[in-house]
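S.K.: need a 3D model of the following:
(4 chains)
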Number of protein chains: 4
Amino acid sequence: MAHKNRIGNLFSLTTFGESHGPAIGGIIDGMPAGMSIDTQQLQQEMARRKPGQGSGTSSRNETDEVEILSGLFEGVTLGTPIGFIIRNRDQRPEDYDHLKDVFRPSHADFTYHAKYGIRDHRGGGRASARETACRVVAGALAKQALITMGININAKSLPPSIEKNTATGDTQGGIVECVITGVPTGVGEPVFGKLSAQLAEAMMSIPAAKGFELGLGFDFVNHPGSEVLDNWVVKDGNITTETNFSGGIQGGISNGNDIYFKVAFKPVATLPQTVKGINADGNIVTIEPRGRHDTCVVKRAIPVVEAMAAIVMLDNVLMARASRW
Amino acid sequence: MAHKNRIGNLFSLTTFGESHGPAIGGIIDGMPAGMSIDTQQLQQEMARRKPGQGSGTSSRNETDEVEILSGLFEGVTLGTPIGFIIRNRDQRPEDYDHLKDVFRPSHADFTYHAKYGIRDHRGGGRASARETACRVVAGALAKQALITMGININAKSLPPSIEKNTATGDTQGGIVECVITGVPTGVGEPVFGKLSAQLAEAMMSIPAAKGFELGLGFDFVNHPGSEVLDNWVVKDGNITTETNFSGGIQGGISNGNDIYFKVAFKPVATLPQTVKGINADGNIVTIEPRGRHDTCVVKRAIPVVEAMAAIVMLDNVLMARASRW
Amino acid sequence: MAHKNRIGNLFSLTTFGESHGPAIGGIIDGMPAGMSIDTQQLQQEMARRKPGQGSGTSSRNETDEVEILSGLFEGVTLGTPIGFIIRNRDQRPEDYDHLKDVFRPSHADFTYHAKYGIRDHRGGGRASARETACRVVAGALAKQALITMGININAKSLPPSIEKNTATGDTQGGIVECVITGVPTGVGEPVFGKLSAQLAEAMMSIPAAKGFELGLGFDFVNHPGSEVLDNWVVKDGNITTETNFSGGIQGGISNGNDIYFKVAFKPVATLPQTVKGINADGNIVTIEPRGRHDTCVVKRAIPVVEAMAAIVMLDNVLMARASRW
Amino acid sequence: MAHKNRIGNLFSLTTFGESHGPAIGGIIDGMPAGMSIDTQQLQQEMARRKPGQGSGTSSRNETDEVEILSGLFEGVTLGTPIGFIIRNRDQRPEDYDHLKDVFRPSHADFTYHAKYGIRDHRGGGRASARETACRVVAGALAKQALITMGININAKSLPPSIEKNTATGDTQGGIVECVITGVPTGVGEPVFGKLSAQLAEAMMSIPAAKGFELGLGFDFVNHPGSEVLDNWVVKDGNITTETNFSGGIQGGISNGNDIYFKVAFKPVATLPQTVKGINADGNIVTIEPRGRHDTCVVKRAIPVVEAMAAIVMLDNVLMARASRW
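M.R.: The predicted structure follows:
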């Protein structure tokens, strides 16, 4: 189980930060020592996630400038924790004054209030998708380590079925598909620590994620077993599977073929139209559209999906070193 | 992240055991002290999971007799760890001699070999679904604790679309739907520890699980945001949602409505027909059907899904006690 | 922090069991795959810990027969968890009937009652030193792994200053010194995970342990810094220290020299004479000596100290594999 | 076990930072929601730890200004993680140029190099005692929570036996004694998670700590059991012990009496005189005294000991909430 605001074991990310507080940030622990860090690649990953990328995304001007505070010496990783912060700029907390005592529908306002008895109502506070910026930082570094082993991670959005909504003042969800290539055999843990389970946990921890499937996923139920067996073949001298219905993982452990999975995201819950909220007294309250919000998160979710995949994969590659004597 | 063979934090289960070794078993840690344990309910849960329940399930005669070795005093929990074992009886390891050097398709034989360089080939060894018996033990006790709080967990299989396969010597997968009622608001952790993420991890750790969705899940992508907002209402004096597209969880934390999710299972990979395996030298090997196996696991998966849900929920209910001062 | 009844990360031990329940046992997770296990060495370690070894030790006839239930295949480790149980035989719970409602002085009776509201009063229940048998099992296996790397662990008791007490119907404590040789440089974690901190935690978790010191320990305060610097030398081509005041660890990480430390144990709290207890109503109760108890635990503590050291060292050797890329 | 740079479970601290990098900092997770934070008390605690407090302490001018970046809303804790940074000012990295390729005696220079293959040589890098500033931040907040429950933590240095050394251009160690009052009964975990073990781990993780003892500690070996039994009495209606040789903990769980322990610190390893180091080629190198360093750390260690005690205690008070149903 993730411990509250931390994910990972040998390679881990712990994060902090509210959307409209002074800053968000995190600590990346377990980054192997001796790697030169490519800060340009890091900023490119950040740029892929940031708002204002055209149709469907928020116009909030987040520069998302990552300030790395430790763990590097002359550009090389020390093996010690990498602390970083991202200042929250271009804040307009007054945009949220009208939400101080109101719980919006399909948001975390009410549940945070129920859990903690207090919340930062400005822009979703801790529950804001803004926290995913920290995931991208850790994911970018993890990717740099993985690529030296030949492991690549690429996600894309599947063709949306309802794109018209963005034109009509509504919001939409979507599906992100991710493929991980170059994974050696034998990565993943047994039973509760299955690689598939860890990937599912990581993906479902992304805001608005509502579904996860590996390989054929839910479509497995439409086929008899004989149609979806992954037979073995020898390719380039290595045993691998001819087909890949399983999505590259068997019994929770990688089989050398590509790992691929899909993540479903619900439509953005902040609508560009009037909606009904409730206040703590149980009275229904009308909420007019304000602030700057995405109408479809899927495009911005792509680098976040990749980042979470990278975090899980690097952690498990490190874990695999301890499996044999 | 689950630590190898353990799941949970304040309420945790650690398991051991190969399918055809002397025994399987586990340690349940964090069971609150002072509860009378209903051993009859425990055995009923075990009976729901065991093979030989009619069409589609294995005829292996597992009595699944749970021997509790600690943590109880005169039938009441001590708060100390509950150790238990289940002897493996009615073993026929000779049924598996022909698999000693063969990796079956769509099984974990090859991946365990790749990871550890060694495996117990008899009946899948550690990767066998037999380990789920231990999950049901922990789940049964967790359910007993949860029910005193009014939390109930019920799963069922959705109508199978391809049931005919069982007649034709093939195997099939299926979907299990689970509903958790009576969950108080405010249960779950933020960010990486979202209740949805923990449930996904727990479910995807069940053998053959290939997909997970919460609430509307993948169907969210077929609706604009305005159609799937869960508006607030006051019911019996409590704030809750009118509809429940979100599946009872927002921002990773329970909102007081029912939590419901679906888990997809792939068809049983051991077919009742001749299949092709491979050996470590890369030669294709014909495998004749032998042993006793399920043709559809979904029926037996139901109590396992409930058990995993119960483990996650009890852990999070205990975690929630530490959220406020 | 140890999670309740578990210690270790990549190599971990989780235990269960009350002193007079059906059995004690545990799960060893993370034992590297592919090692032949020497069961004779295991039983020898168990024999060193068991009671009835002459003057000062309990005459309880514990055979301490370890039944390994998983994780081995034809005598070789599978990399999967090793479950084991040790049956409690020669129990005489009636020896403890008089303690049902009484808290003995300097025992855990009262504190367990305070924590859990219930306890197994027979022989200390979970708090009994009997649980250390499980530590010795895990320690024996860890030693077998460590020895293949050239790491050896040896403990002994320091000359007791008050041995006469055993003759006079009293009890005594003592000090165990442990030396670990052959540790490569670079083992241990920074900051909170210092090897010294982990060893201290492990040792102080042994029943009756009351003090820990590494290297010169408390005697450091009697010397100015210039007298206790460990200067570097080159020996056999490797950098190491000329003196070893530090005890082989600097900044929490091994420096290649011997690691040595001392553990102080308080006198056995169960006296062979009449003592005063208290009951839950606050009334003082006279307790006559009964049962079979050690008068000095130090001799039996030696293999336990070695076992805990072995568990910590193997865990950290495995951790060290993930430090560099 | 601490996971590298993190300590604690329900209340945890993860830290980052090198002594002469841009900043140090950390994330405090699990601070209960709804508490007003007294920032003045926080700065007072920081002031107690900072250098330049007169005889024996470094003259480095660290302002140790803590910038809290999250987890507070209008001065009240949100229950979300508290991220903070402390900028490294008044750095003089050039003071350390001469140490670039040299391992100082009795420092972590060599061991970090051995573990990671790289290190930040400036002022000890990650191994610098500067990281303890982050511990004091978390400890200050933990203290504020504990005090509302009536739990107080006070440490002091024991009279030094060798204070004269500071005058003569040498360094010295010392002993810090800490007393925790007001702890309710039943706090602490069994077996590996003993409160005594957790305190030992926490204290031994402080730089230069070399010994730990609870209650009578090592002196227990000088007394027969009959002299050091802690008999029970009823005081103010509660059961407690008459004497307190055990130091307030039995079987790893608090008994309601004061918890007290001692921590031994070795002399500062950076001497104000010429010493011999070694370089990676194995050549002995003369190191002239430079930089600004303490000659005795004990005074500055006092608030760090208190901070670590506070972190452990708050974590365990929160854990205790989950023990009973």
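
S.K.: when you work out contacts or count neighbours from here on, use the C-alpha atoms and nothing else.
M.R.: Fine.

S.K.: dihedrals phi and psi, the residue of the stretch 1-150 of chain A found nearest chain B?
M.R.: Residue of the stretch 1-150 of chain A nearest chain B, by C-alpha to the nearest C-alpha: residue A:115 (3.8 Å). Main-chain torsions, residue A:115, degrees, to the nearest 10: phi -80, psi -50.

S.K.: what helix or strand is the nearest residue to it once chain neighbours are set aside on?
M.R.: Closest residue in space to residue A:115, ignoring its immediate chain neighbours: residue B:186 at 3.8 Å, by C-alpha to C-alpha, 6 or more residues apart in numbering or on different chains. Per DSSP states H and E: residue B:186 is located in neither a helix nor a strand.

S.K.: and what of residue A:272?
M.R.: Counting by DSSP H and E, no helix or strand carries residue A:272.

S.K.: likewise for the one 10 residues further on?
M.R.: According to DSSP H and E, residue A:282 maps onto no helix or strand at all.

S.K.: neighbours around it, how many?
M.R.: 18 (other C-alpha atoms under 10 Å in any protein chain shown).

S.K.: and for residue A:280?
M.R.: When neighbours are counted by other C-alpha under 10 Å, residue A:280 registers 13.

S.K.: was I right to think it contacts residue A:101?
M.R.: Yes: the pair residue A:280 / residue A:101 is scored as a contact, 6.8 Å apart, by C-alpha atoms under 8 Å.

S.K.: show me what the helix or strand of chain A with the lowest mean pLDDT is packed against.
M.R.: Ranked by mean pLDDT, DSSP states H and E, the weakest helix or strand in chain A is strand A:238-241, scoring a mean of 91. Packing partners of strand A:238-241 (3 or more C-alpha pairs under 8 Å, 6 or more residues apart in numbering or on different chains; DSSP states H and E): strand A:232-235.

S.K.: ok, the strand it packs on near chain B or not?
M.R.: Yes: Strand A:232-235 reaches chain B (C-alpha under 8 Å from any C-alpha of the partner chain) through A:232, A:233, A:234.

S.K.: which of those has the most neighbours?
M.R.: residue A:232 (24 neighbours).

S.K.: now that residue, which residues is it bridged with?
M.R.: residue A:241 (DSSP bridges).

S.K.: now do the same contact list for it.
M.R.: Shown in contact with residue A:232 (C-alpha atoms under 8 Å, 6 or more residues apart in numbering or on different chains): A:239, A:240, A:241, A:242, B:105, B:276, B:277, B:278, B:284.

S.K.: quick check: mean pLDDT of stretch A:229-236?
M.R.: Averaging pLDDT along stretch A:229-236 yields 93.

S.K.: same thing with stretch A:104-115?
M.R.: Taken as a whole, stretch A:104-115 has an average pLDDT of 93.

S.K.: kindly report the same for stretch A:75-83.
M.R.: Stretch A:75-83 comes out at a mean pLDDT of 96.

S.K.: how about it against chain C, any contact?
M.R.: Yes: Stretch A:75-83 comes into contact with chain C (C-alpha under 8 Å from any C-alpha), by way of A:79, A:80.

S.K.: the residue nearest to residue A:115 contacts residue B:252, doesn't it?
M.R.: No: the criterion here is C-alpha under 8 Å, and residue B:186 misses it with residue B:252 at 9.4 Å.

S.K.: neighbours of residue A:236, how many?
M.R.: 7.

S.K.: brain fart, residue A:277
M.R.: Residues lying near residue A:277 (other C-alpha under 10 Å) number 23.

S.K.: same question for residue A:269.
M.R.: By other C-alpha under 10 Å, 25 other residues sit near residue A:269.

S.K.: which one is it nearest to, not counting chain neighbours?
M.R.: Nearest non-adjacent residue to residue A:269, counting by C-alpha to C-alpha, 6+ apart: residue A:106, 5.8 Å away.

S.K.: please apply the same query to residue A:214.
M.R.: Nearest residue to residue A:214 in three dimensions, chain neighbours excluded: residue A:261, at 4.3 Å (C-alpha to C-alpha, 6+ apart).

S.K.: quick one: the one you found is in a strand?
M.R.: Yes: under DSSP: H, G, I helix; E, B strand; the rest coil, residue A:261 falls within a strand.

S.K.: let me see the contact set for it.
M.R.: Per C-alpha under 8 Å, 6+ apart, neighbours of residue A:261: A:177, A:178, A:179, A:212, A:213, A:214, A:215, A:247.

S.K.: now the element after the helix or strand containing the first one, going C-ward?
M.R.: If you go by DSSP H and E, residue A:177 is part of strand A:174-181. Toward the C-terminal end, the helix or strand that comes next after strand A:174-181 (DSSP H and E) is helix A:195-204.

S.K.: who are the packing partners of the longest helix belonging to chain A?
M.R.: Taking DSSP state H as the criterion, chain A has its longest helix at helix A:298-320. Packed against helix A:298-320, as judged by 3+ C-alpha pairs under 8 Å, 6+ apart, are the following elements: helix A:39-49, helix A:132-147, strand A:152-157, strand A:174-181, helix A:195-204.

S.K.: for these, give me TSV that also has mean pLDDT and distance to residue D:32.
M.R.: Listed next are these as TSV, based on pLDDT from 0 to 100; distance: least, C-alpha to C-alpha, whole Å:
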stretch	mean pLDDT	distance to residue D:32
helix A:39-49	94	32
helix A:132-147	98	23
strand A:152-157	97	38
strand A:174-181	98	36
helix A:195-204	98	25
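
S.K.: out of the ones you listed, which one sits most buried?
M.R.: Stretch with highest mean neighbour count among those: helix A:195-204 (a mean of 30; mean count of other C-alpha atoms under 10 Å in any protein chain shown).

S.K.: what's it packed up against?
M.R.: For helix A:195-204, the elements it packs on are strand A:209-214, helix A:298-320, helix B:195-204, judged by 3+ C-alpha pairs under 8 Å, 6+ apart.

S.K.: residue D:50: which of those is closest?
M.R.: helix A:298-320 (36.6 Å; C-alpha to C-alpha).

S.K.: residue A:247 reaches residue A:216, doesn't it?
M.R.: Yes: the pair formed by residue A:247 and residue A:216 meets the contact definition of C-alpha under 8 Å, at 7.2 Å.

S.K.: ok, back up a step: how far off strand A:209-214 does the strand holding residue A:177 point, in degrees?
M.R.: 40 degrees (axes from the mean of the first three to the mean of the last three C-alpha atoms, to 10 degrees).

S.K.: between strand A:152-157 and strand A:174-181, find me the angle.
M.R.: Calculated by the same axes, to 10 degrees, strand A:174-181 forms an angle of 160 degrees with strand A:152-157.

S.K.: how far away from the center of its chain is strand A:174-181?
M.R.: Chain-centre distance of strand A:174-181: 12 Å, with C-alpha atoms, centre = their mean, to the nearest Å.

S.K.: so is it next to chain B?
M.R.: Yes: figure legend: strand A:174-181 in contact with chain B (C-alpha under 8 Å from any C-alpha); contacting residues A:174, A:175.

S.K.: list of residues touching that strand?
M.R.: A:150-158, A:160, A:257-267, A:296, A:298, A:301-302, A:305-306, B:218, B:220-221.

S.K.: try it again at 6 Å.
M.R.: With contact meaning C-alpha atoms under 6 Å, 6 or more residues apart in numbering or on different chains, strand A:174-181 is reached by A:151-158, A:258-265, A:298, B:221.

S.K.: flag every residue of chain A that's near chain D.
M.R.: A:16, A:17, A:22, A:23, A:33, A:69, A:70, A:78, A:81, A:83, A:116, A:119 (C-alpha under 6 Å from any C-alpha of the partner chain).

S.K.: tell me who's in contact with the second one.
M.R.: Pointing back at residue A:17 there. Residues counted as contacts of residue A:17 (C-alpha under 6 Å, 6+ apart) are A:24, D:70.

S.K.: go again with 7 Å.
M.R.: A:23, A:24, A:25, A:126, A:131, D:69, D:70, D:71, D:83 (C-alpha atoms under 7 Å, 6 or more residues apart in numbering or on different chains).
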